[in-house]
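Novice: Just need the structure, nothing else, for what follows:
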Amino acid sequence: MASATQLHYKQNRLKQLRAFCHAARSGSVSAAADQIFLSQPTVSLQIQALEREFDTLLFERRGPKIKLTPAGEVLFGLAQPLVEGMDKLHETFFSHCGRVDQGTLDLAAGESTILYILPEPIRQFTASHPGIEIKLHNVTGRDGLAMVRADEADLAVGSMIEVPDDITYRPFVTYRPKLITPLDHPLADKVSVTLRDIAPYGLILPPSHLSTWRTVDLVFRQHNLEYRVAMEAGGWEVIKKYVELGLGISIVTDVCLTGQERLAAIPLEQFFPKRSYGIVLRRGKFLSPQAKRFLEVLDASFAGQEVEPQLQGPQHGEWEDVHLV
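Specialist: Numbering: from 1, shown residues only. Just a heads-up that it's a prediction; the model follows:
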């Protein structure tokens, strides 16, 4: 017959592993404590209990940050699916019984993805699953990737240039680069343009700290051409509006073009890479039934769309919403 100590230990095992997994994902004991609503000393004690049990060090402690040791990596690989499976047991049970009519779905995405890609899939999903609450987080690239890594989002939708080792990225649609101009612009009637054609005219570009601006800069420098920035503006809708007003021309991805704009759009694929958008997940992520259903809706919405691997650009290893090109 199990002793009281053994029973108490078994009851605490899940709590210890949950604290350990959250600390491993966030790289911080204090962040893990915030995520699971415990005090920092409590999380530290739970991790220490595991280290005593396995007689090994699970984390290297470097100031406020912690990093898994090789032994910690092994335990994390074993414990992570167990913890996630237990945390999602209620929802998974009803899913296997054919019921996915409640719960929440946390999605992380950038402004461009939210405006141009997600509206129809979310409309379809909410129509077929009205009892599921969607939490849509409008975040920039680095913040979105951090949410995925910390399991603060079930998944992210966005564009990646290079995929980190701990992340999986599955593109489902590809968009093309276009030059946009006012309808009465000298370039508006051209079927194709060169960078030399574009160079004399002022460009409306996103802020210079974003990868889009750096991509434009790199391409012009590679062709030994100077160019002029007439204005920096944030967001495709803002850029389109000011191009319509005749304040400059711009280089965008045609995901933002609805056909209703009073703009000319000219292909630029010979100079700039296409941009894919896809599903961003933490490698090994246990998907909730709600997330699985949403992925099914997303795939159905973009079935038959062009999907191509994205060319590597000047900024690597970052999920970007890039509100702009």
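
Novice: packing partners for the helix or strand hosting residue 181?
Specialist: Assessed by DSSP states H and E, residue 181 sits inside strand 177-182. When contacts are defined as 3 or more CB pairs under 8 Å, 6 or more residues apart in numbering; DSSP states H and E, strand 177-182 packs onto helix 236-244, strand 250-253, strand 263-267. All C-beta atoms are positioned from the backbone trio N, CA, C, and that covers glycine.

Novice: Between the ones you listed, which one is closest to residue 178.
Specialist: Closest to residue 178 of those, according to CB to CB: strand 263-267, at 4.5 Å.

Novice: before we move on, back to that, what's the most buried one of the helices and strands packed on strand 177-182?
Specialist: Counting by mean count of other CB atoms under 10 Å, strand 250-253 has the highest mean neighbour count of the helices and strands packed on strand 177-182, with a mean of 26.

Novice: Tell me how confident the model is about that one, as a mean pLDDT.
Specialist: Averaged over strand 250-253, pLDDT sits at 94.

Novice: then that strand to PDB, C-alphas only?
Specialist: Taking Å, rounded to 0.1, in the frame of the first residue of the first chain, the C-alpha atoms of strand 250-253 are listed here in PDB:
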ATOM      1  CA  SER A 250       6.100  52.500 -53.100                       C
ATOM      2  CA  ILE A 251       7.100  48.800 -53.200                       C
ATOM      3  CA  VAL A 252       4.600  46.500 -51.500                       C
ATOM      4  CA  THR A 253       3.500  42.900 -51.400                       C
END
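
Novice: distance between that strand and the chain's centre?
Specialist: Taking the mean of its C-alpha atoms, strand 250-253 sits 21 Å from the chain's own mean (CA atoms, centre = their mean, to the nearest Å).

Novice: Give me the neighbour count for the residue nearest to residue 208 when sequence neighbours are not counted.
Specialist: Of all residues not flanking residue 208 in the chain, residue 232 sits nearest, at 6.7 Å (CB to CB, 6 or more residues apart in numbering). Neighbourhood size, residue 232 [other CB atoms under 10 Å]: 16.

Novice: Contact partners for residue 232?
Specialist: Applying CB atoms under 8 Å, 6 or more residues apart in numbering, one finds that residue 232 lies in contact with 204, 205, 206, 207, 208, 213.

Novice: do residue 77 as well
Specialist: Residue 77 is in contact with residue 284, counting by CB under 8 Å, 6+ apart.

Novice: Using PDB, write down the CA coordinates of the helix or strand where it lies.
Specialist: Element membership for residue 77 (DSSP H and E) is helix 70-87. This file holds the C-alpha atoms of helix 70-87, laid out as PDB (Å, rounded to 0.1, in the frame of the first residue of the first chain):
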ATOM      1  CA  PRO A  70      22.100  18.400 -21.400                       C
ATOM      2  CA  ALA A  71      20.200  16.500 -18.700                       C
ATOM      3  CA  GLY A  72      17.600  19.200 -18.600                       C
ATOM      4  CA  GLU A  73      17.100  19.000 -22.300                       C
ATOM      5  CA  VAL A  74      16.400  15.200 -22.000                       C
ATOM      6  CA  LEU A  75      13.900  15.800 -19.200                       C
ATOM      7  CA  PHE A  76      12.300  18.700 -21.100                       C
ATOM      8  CA  GLY A  77      11.800  16.500 -24.200                       C
ATOM      9  CA  LEU A  78      10.100  13.800 -22.100                       C
ATOM     10  CA  ALA A  79       8.000  16.100 -19.800                       C
ATOM     11  CA  GLN A  80       6.800  18.700 -22.300                       C
ATOM     12  CA  PRO A  81       4.200  16.400 -24.100                       C
ATOM     13  CA  LEU A  82       3.100  15.000 -20.800                       C
ATOM     14  CA  VAL A  83       2.400  18.400 -19.200                       C
ATOM     15  CA  GLU A  84       0.700  19.700 -22.400                       C
ATOM     16  CA  GLY A  85      -1.400  16.600 -22.700                       C
ATOM     17  CA  MET A  86      -2.600  16.900 -19.100                       C
ATOM     18  CA  ASP A  87      -3.300  20.600 -19.400                       C
END
